[in-house]
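> Here's my sequence, what's the structure:
(4 chains)
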Protein chains: 2
Amino acid sequence: MGSVADTAFPAATHVSVAVVFQVRDGCLQVLAWKRQRDPFRGAFALPGGYLSDDESLEASITRHLAAKVDVREVAHIEQLGTWSDPGRHPSEWQVMTAYLGLVATGLDPALPGDTTWHPVDALPALAFDHQAIVLTARDRLRAKLSYTNLGFALAPPTFTMSELRDIYVVALGHPVSATNLQRVLVRRGELVATGERRAPGAVGGRPASVFRFRTSGLEVTDQFAVLRPPRPPENRSGDGS
Amino acid sequence: MGSVADTAFPAATHVSVAVVFQVRDGCLQVLAWKRQRDPFRGAFALPGGYLSDDESLEASITRHLAAKVDVREVAHIEQLGTWSDPGRHPSEWQVMTAYLGLVATGLDPALPGDTTWHPVDALPALAFDHQAIVLTARDRLRAKLSYTNLGFALAPPTFTMSELRDIYVVALGHPVSATNLQRVLVRRGELVATGERRAPGAVGGRPASVFRFRTSGLEVTDQFAVLRPPRPPENRSGDGS
DNA sequence: ACAAAAGTGTTGTTACTACACCCATGG
DNA sequence: CCATGGGTGTAGTAACAACACTTTTGT
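All right, here's what the predicted structure looks like:
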């Protein structure tokens, strides 16, 4: 790939890590485990580890994540980026590829003793450059909630609009109207009503309609926010809708 | 970072490559060089090469790019992603991080003999998985032209709206109105008028105003395409702009 | 005068937000 | 019968696209 003068150097080690988010207890939380060894003994770190022989990064992060959480409960995972500052690890030349993973609200995966959820708004000291990675992951999540159907990975299989609204509020960090959220997501085709209704709570109130996401795979629902291509010059009468 | 069972494996080699785009001769072109050696002898490949000791990926791609083009003429560069399929290189276990680079229209950098521009719409056979990388890069460029000021990296220092329109048409692949493009970019604060005017061509026509981009660094200009946070209840008169 | 290119004014549309008001249930 | 939460209807708005029309030049 390089020119003739290039030869393979003693290669950097490559690790994969994952920022796994879940909305639980009313706040956005991230999975981290407590290091027992130097460097950063006692600090929390993101789950991950070394890339193995003949393994893709996707396979690597899935394998390492499986040691911390049941990966069947991770509804979505995507590559965030690769960090390669030579000084990012104190004693090793290490390149890191980070992933964003999402677990639906309501699940409570079994975790090993060293692993816990931490509110993103009140993070403990994190090892290496992991804090910056977490914030990058949160930015990615917030952006994609706006223009994709990524909510499917944060929400339980079915939900009322109030429940979904609460999830969006926590993930986005700003108020969201359940009324308008419903209309936006239904119009985009992300959400469909199941026809069921949820019984009201002890204090009364009208029973809420139950919704689900139409698909459980990532779809871009608003690709061209601006500068969209011109519509083909259809005749506007007699459209088949 | 990993658990106790993890040890460093014989590490994959890591290469960086760049998809360098320029709008030239009325189409979007990408920089590639012709391989003289196996594998893929005779095919074209993206510029790039091995990661060196104590070097970040950004430094690496800049260094390798410098062998093919004057990097001072690359107006913008950003990480695209990392490809790690074990089978992507026929004889070596190789992880690749790809970058997107942009060169402004009008420049004509000196290139080595093995390196040429290729229209993205008529690519020759590319080595490895480089064709997929080029298409990913084009998608990224098209998306970011819509919601950021990334046009600054494709346009010359100053330009008329017709010239800028032609660049956007080629990069986006669909018609763009110069009239509306001006209003959108000026309203967003991306574009400012220099006050100069460009003399009309031989066939006449009104002289065109000359514009420039306000900044030459990436800025997100339309962060919340949807689900934007509610406006704070300001009094709408007397804003300080 | 006329063609060509640039620029302005204006209307229409989409996809939202905002908010008043109505509906269904439990105590 | 009324508080509570859910849902509907509708007005307001930002940011576009579309297009007719006007301005400024060269021949």
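
> drop to CA atoms for contacts and neighbour counts, all remaining ones
Noted.

> what kind of secondary structure is residue A:15 in?
The three-state assignment at residue A:15 reads strand, by DSSP: H, G, I helix; E, B strand; the rest coil.

> Quick check: closest non-adjacent residue to it.
Leaving aside its chain neighbours, residue A:15 sits nearest to residue A:50 (4.3 Å; criterion: C-alpha to C-alpha, 6 or more residues apart in numbering or on different chains).

> I figured the one you found was touching residue A:56, is that so?
No - contact criterion C-alpha atoms under 8 Å: residue A:50 and residue A:56 do not qualify, at 11.2 Å.

> Name the residue in these two with the higher neighbour count.
Set side by side, residue A:50 and residue A:56 show more neighbours around residue A:50, with 25 against 17, by other C-alpha atoms under 10 Å in any protein chain shown.

> any idea how far residue A:73 is from that one?
22 Å (C-alpha to C-alpha, to the nearest Å).

> Figure out the helix or strand that residue A:96 lives in.
strand A:94-103 (DSSP states H and E).

> Which strands and helices lie in contact with that strand?
If you count contacts as 3 or more C-alpha pairs under 8 Å, 6 or more residues apart in numbering or on different chains; DSSP states H and E, strand A:94-103 packs onto strand A:13-24, strand A:74-83.

> ok, and does the lengthiest helix in chain A reach over to chain B?
Ranked by residue count and defined by DSSP state H, the top helix of chain A is helix A:130-147. Yes - using C-alpha under 8 Å from any C-alpha of the partner chain, helix A:130-147 reaches chain B at A:143, A:146-147.

> what's near enough to touch residue A:140?
Applying C-alpha atoms under 8 Å, 6 or more residues apart in numbering or on different chains to residue A:140 gives the contacts residue A:80.

> Identify the residues contacting residue A:44.
Contacts of residue A:44 by C-alpha under 8 Å, 6+ apart are A:32-35, A:124-127.

> nearest residue to it other than its sequence neighbours?
residue A:34 (4.4 Å).

> What's the separation between the nearest residue to residue A:85 once chain neighbours are set aside and residue A:12?
Computed as C-alpha to C-alpha, 6+ apart, the closest residue to residue A:85 that is not its neighbour in sequence is residue B:56, at 4.9 Å. Distance, residue B:56 to residue A:12, by C-alpha to C-alpha: 10 Å.

> Enumerate the residues of chain A near DNA strand C.
Residues of chain A that fall close to DNA strand C, judged by C-alpha under 7 Å from any atom of the strand: A:179-181, A:183-184, A:187-188, A:199-207, A:222.

> Tell me how far residue A:30 lies from residue A:77.
For residue A:30, the distance to residue A:77 - C-alpha to C-alpha - is 14 Å.

> and these two? which has more neighbours close in?
residue A:30 (24 against 19).

> sec struct for that one, please.
strand.

> burial measure for the residue of chain A found nearest DNA strand C, as a count.
Relative to DNA strand C, the nearest point of chain A is residue A:204 (3.1 Å; C-alpha to the nearest atom of the strand). Using other C-alpha under 10 Å, residue A:204 has 8 other residues around it.

> With residue A:200 instead?
So residue A:200, with other C-alpha under 10 Å, has 11 neighbours.

> what pLDDT does it get?
Looking at residue A:200, its pLDDT stands at 91.

> Touching, it and residue A:160? I think so.
No - using C-alpha under 8 Å, residue A:200 is not in contact with residue A:160, being 11.0 Å away.

> what inclination does the longest helix of chain A have with respect to strand A:94-103?
40 degrees (axes from the mean of the first three to the mean of the last three C-alpha atoms, to 10 degrees).

> any idea which helix or strand comes after helix A:130-147?
With DSSP H and E, the next secondary element past helix A:130-147 is helix A:161-172.

> in that following helix, what counts as buried?
A:161-162, A:164-172 (16 or more other C-alpha atoms under 10 Å in any protein chain shown).

> Which single one of those is nearest to chain B?
Ranked by distance to chain B (C-alpha to the nearest C-alpha), the buried residues of helix A:161-172 are led by residue A:172 at 8.8 Å.

> residue contacts, the closest one?
A:142, A:145.

> Low-confidence stretches in chain A?
A:1-10, A:222-241 (pLDDT under 70).

> so which of the residues of helix A:130-147 next to chain B comes closest to chain B?
residue A:146 (5.7 Å).

> count of neighbours near the closest one?
21.

> next one: residue A:92
Neighbour number of residue A:92 under other C-alpha under 10 Å is 11.

> buried set for stretch A:106-118?
Applying 16+ other C-alpha under 10 Å to stretch A:106-118 flags A:115, A:117-118 as buried.

> Residues touching it, excluding its own?
By C-alpha under 8 Å, 6+ apart, stretch A:106-118 touches A:24, A:29-35, A:68-70, A:73, A:124, A:156.
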